[in-house]
Each structure stands twice: as structure tokens, then as C-alpha cells.
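> Whatever this is, show me its structure:
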Amino acid sequence: MRARSNRLAAPGAHRHTTSQEGRVLSADADVIEVRDLTKRYGELVAVDAISFAVERGEVFGILGPNGAGKTTTLEMVEGLRRPDDGNIVVDGLTVWPTPKQVKRRIGVQLQATALFDYQKVHEIIYLFGSCYGIYRSKPECVALLERVGLSDKAEVYVNQLSGGQAQRLSIALALVNDPVVTFLDEPTTGLDPRARRALWDVIKDINRAGTTVVLTSHYMEEAERLCDRVAVMDLGHIVALDTPRALINSLGAEATITFTVDRDAPADLFCGLAGVYACHDHEPGYAVVATDAQQAVVSLLDLARREDLRVENLDVQGANLEEVFLALTGHKLGEDEAQAAENGQPRKRRGLFGRGR
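Numbering: from 1, shown residues only. This next block holds a predicted model:
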């Protein structure tokens, strides 16, 4: 992890840090600088004068529920949506008002990608490369597919890919122009846990090869596993920006304790436990955030005896980003959205050529 954090540091502020992969990163070579970025839709301020910088070579995450402004932010940085105010610089180039030159230096994986069903996977790679004036031979297309673990699917039609394979293909397409920065917008939404973890390995490999990665996510574990730093967004604002570990440590919490009881009880009942500073409902039971896990468990069991409750499914885990988000915003991150994605339910998603799937 990083030697030094930079919570809400201004773009261009001097920083020397170390990535999760052990590389030394310097803010003297920030690959993205965003200042006072704003986007309005009528009276709604979707993105409200945010500023941040992304260091060259890092994995930078933007966390927030639908409506937080994270996808709108990405689209403005990518040159896909014009901001109302603010300035964006990517790899030394000002994005607006002439985003075309920047688009040649970045790769973008959208939340949904609409491709030709009856084109072979290696042919799609060739097609997308040709849009950048890059004409790869078939072996070169297969070599790119190898980077995302799809070389054995080169001759398969696109409509024969599984969900996880289709997501890996969309990431390969974001790499056809050898980008300086790759943007991944909720890359693992809708995937089962096994496919999600496989995609994490792909993202790590891309970053290890030297590409800066900027991703958005609903998943706390994903951000903790992948990101060197994360920006937490809510209602158009960046409410915190730091390394995952520094954000977690800022809670002053040792652990999150989840449990169920054998009859209904208000969550507030557990807020007064010794060693606990926060409590909330956590389906199918409750969660408390503890500064002293041992003291909190003992206090919980004492309370259960007094109230004639039976404690079940007791689980103690280290404090995590979910609790950070709850502490910062007063609500959980994408609880219903993430559940809908797990169940394969459709939701509004931006897609290639402006189409959703």
C-alpha cells in the first residue's frame, strides 16, 4: 500500500507513493487532473465542482450508488459528455473543447457493449483496431485476447460467449489502441462471484503491464482488492479520497460484527453495546461497528441474556469500505442495486453506440 495518503488532495499537489503492486508513483506525472468539474441537468447538479488527480500507473476507483455522479464524471473525463464548468487534462492534453485527440490515448469499457453477434472474436478485435488506424494481423489479435484470457475463444462467435467472457472481450476492446489510461465502468456488475474474481485478475494484469486503470464499482471488496486509491462520491460530491486502508483506519474501528436474533428487535437496541460506536440493519439481521471487538461481543451476549434473545450467525470481520461509506453518507452503497445485479435484473446502463442491453 501507499507510504503516504492524500485525502482530498488538490490536483498537482506533491505526492510520492507506492502502488499495491509495489511501483513508485509520483504526482509530478499525474495522468489525469480534474478541477472544479460540474455538470447540471436543469436544476439538478449531477456533478458539483469536484477536483481530483489520478497518478500514472495506479488503479483509481470511484465508488458510489446510482445517481452519485460517478458515470457522468467518467463520461466527461473520457470526452463523451461536455461539462458545464471545470477543466480536465488527460496525459497532458486538455479534453474540452476538443476531446478527439484525447480519445486516441484512452480506452473505454462501457457498462454494456453491443457487438455483432455473428462476428468472430478475433474479427471484432481487428474491427475496433481499424477504427484507430491500427490493422492487426490475426496472431496479433490473438495475442491481445491472450492478455484477457480469451485466446482460446478467437474463432468463437460473439453470441457464444458467457457473461464473464463477454466482459473480458469488452476490456480487450478497450486495449486495442494501447491506451495510456483504461476506463472501466462497473466492469463486474452482473457477474457471478467466480467470474468477478477472474476479471479482477485480468484488471491487475493490465495494470501491472503499465496501464493506468480508472474504474467505478458498487462492490466494496472489489475496490479494496484492486484500487490504490478510491474517491467516494455521493450526490455529486467527492466526500472522501484516500487509500482503502487509510479510509478504513479513519473510522477508528477494529471490526464489523454481524448477527441475527431469534425475534424482531430494533437496530437501536444494539447501539449502546460496549465497544460499539455505530449500528444498523444488515439483512437478514444486524451489524455493529466496533472499536473493541472482544468487548462488543461480550456486551452483545450480556444484552441477549437480559432481553431473552438468542444470538445466531455471529460473524466478526475487519472493518471495511462499506462501513466507511455508511459513516460518510448515512446510507449503504448500492445495496438494492448490487442485489439486483446479482439476480440478473436489468437496469439502465450506458452502452456502446448509446445503446443499453
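
> mind listing the strands in the stretch 151-300 of the chain by residue range?
Remark: strands assigned in the stretch 151-300 of the chain by DSSP state E, counting those that start in this stretch are 181-185, 212-217, 229-234, 237-242, 255-261, 276-282, 285-290.

> who does the last one pair up with?
By that I understand strand 285-290. Applying DSSP bridges, strand 285-290 is found paired with strand 255-261 (antiparallel), strand 276-282 (antiparallel).

> Need the strands of the stretch 151-300 of the chain in JSON lines (columns: mean pLDDT and distance to E33).
Any C-beta I mention is one placed from the backbone N, CA and C, and that applies to glycine too. JSON lines is the format used below for the strands of the stretch 151-300 of the chain (pLDDT from 0 to 100; distance: least, CB to CB, whole Å):
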{"stretch": "strand 181-185", "mean pLDDT": "95", "distance to E33": "12"}
{"stretch": "strand 212-217", "mean pLDDT": "94", "distance to E33": "13"}
{"stretch": "strand 229-234", "mean pLDDT": "94", "distance to E33": "14"}
{"stretch": "strand 237-242", "mean pLDDT": "95", "distance to E33": "14"}
{"stretch": "strand 255-261", "mean pLDDT": "93", "distance to E33": "35"}
{"stretch": "strand 276-282", "mean pLDDT": "85", "distance to E33": "35"}
{"stretch": "strand 285-290", "mean pLDDT": "90", "distance to E33": "35"}
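
> Including mean neighbour count and distance to I50, could the strands paired with strand 285-290 go into JSON lines?
Formatted as JSON lines, the strands paired with strand 285-290 follow (neighbours: other CB atoms under 10 Å; distance: least, CB to CB, whole Å):
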{"stretch": "strand 255-261", "mean neighbour count": "20", "distance to I50": "29"}
{"stretch": "strand 276-282", "mean neighbour count": "17", "distance to I50": "27"}
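
> Output those as CSV; include the columns distance to A246.
Shown next, in CSV, are those (distance: least, CB to CB, whole Å):
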stretch, distance to A246
strand 255-261, 18
strand 276-282, 19
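
> Of all those, which one is nearest T189?
strand 276-282 (21.7 Å; CB to CB).

> Just give me how far that closest one sits from the chain centre.
25 Å (CA atoms, centre = their mean, to the nearest Å).

> quick thing: my sequence starts at 18, can you match it?
Yes, from this point I'll number from 18; that puts the last item at strand 293-299.

> Extract the C-alpha trace of it and format it as CSV.
Provided in CSV are the C-alpha atoms of strand 293-299 (Å, rounded to 0.1, in the frame of the first residue of the first chain):
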residue,chain,number,x,y,z
VAL,A,293,-19.6,-0.1,19.7
TYR,A,294,-20.0,3.3,18.0
ALA,A,295,-22.4,2.5,15.2
CYS,A,296,-25.2,0.0,14.4
HIS,A,297,-27.6,-0.6,11.6
ASP,A,298,-29.8,-3.3,10.0
HIS,A,299,-27.9,-5.8,7.9
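
> Report the contact partners of A183.
T130, V175 (CB atoms under 8 Å, 6 or more residues apart in numbering).

> before we move on, the earlier item: closest to L343 out of the strands of the stretch 168-317 of the chain?
Nearest to L343, of all the strands of the stretch 168-317 of the chain, is strand 293-299, at 6.7 Å by CB to CB.
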